[in-house]
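A.B. asks: show me the folded form of this:
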Amino acid sequence: MGVVDRTLLLGPRAIATVFMDTQTTIAILVTALFTTLVPFAAYLVALRIISPTHASLTAMVEPIIAGVAASFLLGEQMTLSLIFGGAIILGSIALIQLSEPTEEAPAFPHE
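C.D. replies: Prediction:
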């Protein structure tokens, strides 16, 4: 039974039992740090260097990188739907990048 299932069936106290195990707590904190905090901080720094459009397009590549990394590092099988989805994402990025630039809207239109 997963954490969400336990919470729905047993209430919020069920989450506390997960954090009583030190190894699990460390794993959750490391996962939160390296999969959420670090990428989000990098995205915010990138917004100061490149345009929001390019930063967003770059962020769209994240699922592709995650799928390839899971395949090589964790032995996950690359299914046809995963490859097709990655091709759609890359094709969308290419279309947006190759399209004629239009006048960019201001980042904060109410200023």
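A.B. asks: which is the next helix or strand following the helix or strand encompassing residue 68?
C.D. replies: Element membership of residue 68 [criterion: DSSP states H and E] is helix 62-74. Of the helices and strands lying after helix 62-74 in sequence (DSSP H and E), the nearest is helix 80-98.
A.B. asks: residues of that following helix that come out buried?
C.D. replies: Across helix 80-98, burial judged by 16 or more other C-beta atoms under 10 Å covers 82, 86, 89. Any C-beta I mention is one placed from the backbone N, CA and C, and that applies to glycine too.
A.B. asks: my guess is residue 43 meets residue 59, correct?
C.D. replies: Yes: look at residue 43 against residue 59 with C-beta atoms under 8 Å: they come within range, at 6.3 Å.
A.B. asks: if we can go back for a sec, okay, the angle between the helix holding residue 68 and helix 80-98?
C.D. replies: If you take axes from the mean of the first three to the mean of the last three C-alpha atoms, to 10 degrees, helix 62-74 sits at 140 degrees to helix 80-98.
A.B. asks: returning to what we had before: just the buried residues of helix 80-98 now: which is nearest residue 22?
C.D. replies: Closest approach to residue 22 among these (C-beta to C-beta): residue 82, at 34.8 Å.
A.B. asks: surely the closest one meets residue 67?
C.D. replies: Yes: contact criterion C-beta under 8 Å: residue 82 and residue 67 qualify, at 5.4 Å.
A.B. asks: got a list of what the residue nearest the centre of the chain touches?
C.D. replies: Nearest to the geometric centre of the chain sits residue 62, at 5.8 Å (C-alpha atoms, centre = their mean). Contacts for residue 62 were tallied using C-beta atoms under 8 Å, 6 or more residues apart in numbering; they are residue 39.
A.B. asks: please consider this matter closed, and thank you.
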